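Undergrad: sequence-free structure coming up:
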């Protein structure tokens, strides 16, 4: 059975381009011109993925995320942003979006993101190559600091974690190895992530740090991570603050 995708944008030409690209990949594609119309459609038709612009009349993409998540739906959401977006990536991931595409994007990047998000978490994180009641230390290693660095996880979401950083920072989109201990049972969880956003300065009530998306875990560590996330039951995909 074909996966169902909903494309939400107030530009008909852009919707047509997306429909053509995604239909060619074997998906069944529906369209909506605003956040409110998209939400009404989702009340009648279950979709496997929503791709939405942020700024639209009659209901923004952010309004749509709020409505979908308020119903407890796990439908993955990809958000389109322009270079003039008033929202930072960490804010969008924190709300629950599982992917961000900056306009204009490359078709192959869009297709790769859609294909990835439509796999199960088990398959997604096995690729080989909201709020925690605790803080736990972890070890990170990447090309920005090959000798490794110790830090603290301040929050974990459904697909990633917010890690405190104060002086040394990786760069956005950098792959990063992580290792930390589940404080509930002392199991070690190791894997590879990708840095999705970096906050280098403290904001009011928000410490500096990085948002890491999980992208690769072995079978053992995958099951340990899933167990931890089920215990926490967070709403955010990658949380941005403590």
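TA: Nice, I can see it. A quick note: this is a predicted structure, and the numbers were derived from the prediction, not measured.
Undergrad: phi, psi of residue 12?
TA: phi -60, psi -40 (degrees, to the nearest 10).
Undergrad: Report the rounded mean pLDDT for stretch 40-47.
TA: Stretch 40-47 shows a mean pLDDT of 94.
Undergrad: Show me what counts as buried in the helix-or-strand element of the chain with minimal mean pLDDT.
TA: For the chain, the helix or strand with the lowest mean confidence is helix 121-125, at a mean of 72 (criterion: mean pLDDT, DSSP states H and E). For helix 121-125, a neighbour-count test (16 or more other CB atoms under 10 Å) marks 124, 125 as buried. For glycine as for every other residue, the C-beta is placed from the backbone atoms N, C-alpha and C.
Undergrad: Quick one: distance of the next helix or strand after that helix to the chain centre.
TA: Where DSSP states H and E defines the elements, the next helix or strand beyond helix 121-125 is strand 136-142. On the basis of CA atoms, centre = their mean, to the nearest Å, strand 136-142 sits 20 Å off its chain's mean C-alpha point.
Undergrad: Also stretch 15-24?
TA: On the basis of CA atoms, centre = their mean, stretch 15-24 sits 22 Å off its chain's mean C-alpha point.
Undergrad: Show me where this structure dips below the pLDDT cut-off.
TA: Within the chain, the stretches with pLDDT under 70 are 83-85, 126-135, 202-205, 242.
Undergrad: That one - how does it break down into domains?
TA: Domain ranges of the chain: 4-118, 136-232, per automatic domain parsing.
Undergrad: who's residue 210 bridged to?
TA: residue 163, residue 198 (DSSP bridges).
Undergrad: SS state for the residue of the chain most remote from its centre?
TA: Distance from the C-alpha centroid of the chain peaks at residue 147, with 27.7 Å (CA atoms, centre = their mean). Here residue 147 takes the strand state, with states given by DSSP: H, G, I helix; E, B strand; the rest coil.
Undergrad: And for the one 3 residues further on?
TA: In terms of secondary structure, residue 150 is strand; the call rests on three-state DSSP.
Undergrad: How about the contacts made by the residue positioned nearest the centre of the chain?
TA: Nearest to the geometric centre of the chain sits residue 98, at 2.8 Å (CA atoms, centre = their mean). Neighbour list for residue 98: 76, 77, 78, 117, 158, 159, 237 [criterion: CB atoms under 8 Å, 6 or more residues apart in numbering].
Undergrad: And residue 121, by the same measure?
TA: By CB under 8 Å, 6+ apart, the neighbours of residue 121 are 159, 226.
Undergrad: The same query, at a cut-off of 7 Å, please.
TA: Counting by CB atoms under 7 Å, 6 or more residues apart in numbering, residue 121 touches residue 226.
Undergrad: ok, now how distant is it from residue 113?
TA: According to CB to CB, to the nearest Å, residue 121 and residue 113 sit 15 Å apart.
Undergrad: Residue 236 and residue 159 touch, don't they?
TA: No. Using CB atoms under 7 Å, residue 236 makes no contact with residue 159, being 8.8 Å away.
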